[in-house]
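>>> no letters, just coordinates:
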């Protein structure tokens, strides 16, 4: 029994749906879906119904796109209410969410506690001389504006950073209560700022995470940290901990012959090569 991960499926694109429908069944393995599966409830259900029968267990955490209030869903729940609705849909299909008790992975490479998290961002991935209230304007100066500013409603919180702070406090307390096991930390957004390498749109960084999670990989005994969002799949090692960015991404961002199967990342047991020594 192995643990795999994939994120940023963006199944609003027909090419991505075609790729997802051709993922090889792995009935003994688990799959982490690390956010941005799509923008509507229908997109979420499509992914769960397509991949659920092919894996023993799905684990989901939301990205920013799942939380969008699209024109077709204007009458539906917003903000926290929308997140709660998505959790309900996942639970109805037996999918593990950030609101469920953390589970102990006892397959290959275990035991590890799997900790899916929903943390958002707080605009702190910005220069020290830019105030939080000026962060969006600073990004816009470079021609960058994330769709979240229009489509991701933080209600009932006053702002997305305020929602992020509430999520951080609740998640930090849960992680601190884990005893006796290493963890796999799972979040849509990267946990460390240096992982955000966006050469063409560097100021998009403000929508990519929070500095308050920079030491979580060591504080909470992570063996692996899984994230998406950047659409730049890669493996990094920090303090002897493996960081996996597991995005599939938009069709224009990858070769036409790259399959979703080839993008599945093995999280546990993981690569056979020895990890760098902790420093």
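In hand now; what should we look at? Bear in mind the structure is a predicted one, so any value in this text is a computation, not a measurement.
>>> you'd agree residue 242 is in a helix?
No: assessed with DSSP: H, G, I helix; E, B strand; the rest coil, residue 242 is strand; it does not lie in a helix.
>>> my read: it touches residue 226, true?
No: in this structure residue 242 lies outside contact range of residue 226 using C-beta atoms under 8 Å: 9.3 Å. Every residue, glycine included, has its C-beta placed from N, CA and C.
>>> who has more neighbours, those two?
Of the pair residue 242 and residue 226, residue 226 is the one with more neighbours under other C-beta atoms under 10 Å, namely 31 against 20.
>>> all strands for the stretch 151-279 of the chain, in order.
Ranges of strands in the stretch 151-279 of the chain, per DSSP state E, counting those that start in this stretch, are 182-186, 222-227, 234-238, 241-245, 265-268.
>>> the longest one to strand 241-245, inter-axis angle?
Spelled out, that is strand 222-227. Counting by axes from the mean of the first three to the mean of the last three C-alpha atoms, to 10 degrees, strand 222-227 lies at 20 degrees to strand 241-245.
>>> by contact count, what packs against strand 222-227?
Applying 3 or more C-beta pairs under 8 Å, 6 or more residues apart in numbering; DSSP states H and E, we find strand 222-227 packed against strand 182-186, strand 241-245, strand 265-268.
>>> ok, residues contacting the second one?
I take that to be strand 241-245. Strand 241-245 has contacts (C-beta atoms under 8 Å, 6 or more residues apart in numbering) with 5, 190-192, 195, 217-218, 222-228, 230, 232-237, 265, 267, 270-271, 275, 278.
>>> what's the answer for the first one, then?
Contacts of strand 182-186 with the rest of the structure, by C-beta under 8 Å, 6+ apart, involve 3, 5, 32, 34, 59, 61, 105, 111-117, 175, 191, 216-217, 220-227, 267-268.
>>> helix, strand, or coil at residue 109?
The three-state assignment at residue 109 reads coil, by three-state DSSP.
>>> return the distance of it relative to residue 82.
34 Å (C-beta to C-beta, to the nearest Å).
>>> and residue 71, by the same measure?
Distance from residue 71 to residue 82, by C-beta to C-beta: 14 Å.
>>> these two - which one has more neighbours?
residue 82 (21 against 7).
>>> check contacts around the residue lying closest to the more buried one once chain neighbours are set aside.
Closest residue to residue 82 apart from its sequence neighbours, by C-beta to C-beta, 6 or more residues apart in numbering: residue 67 at 5.8 Å. Applying C-beta under 8 Å, 6+ apart, we find residue 67 in contact with 79, 82-83, 86, 152-153.
>>> any idea how far the helix ranked longest in the chain is from the chain center?
In the chain, assigned by DSSP state H, the helix with the most residues is helix 160-176. Averaging C-alpha positions (C-alpha atoms, centre = their mean, to the nearest Å) puts helix 160-176 15 Å from its chain's average.
>>> can you check stretch 220-233 too?
Taking C-alpha atoms, centre = their mean, one finds the center of stretch 220-233 at 8 Å from the center of the full chain.
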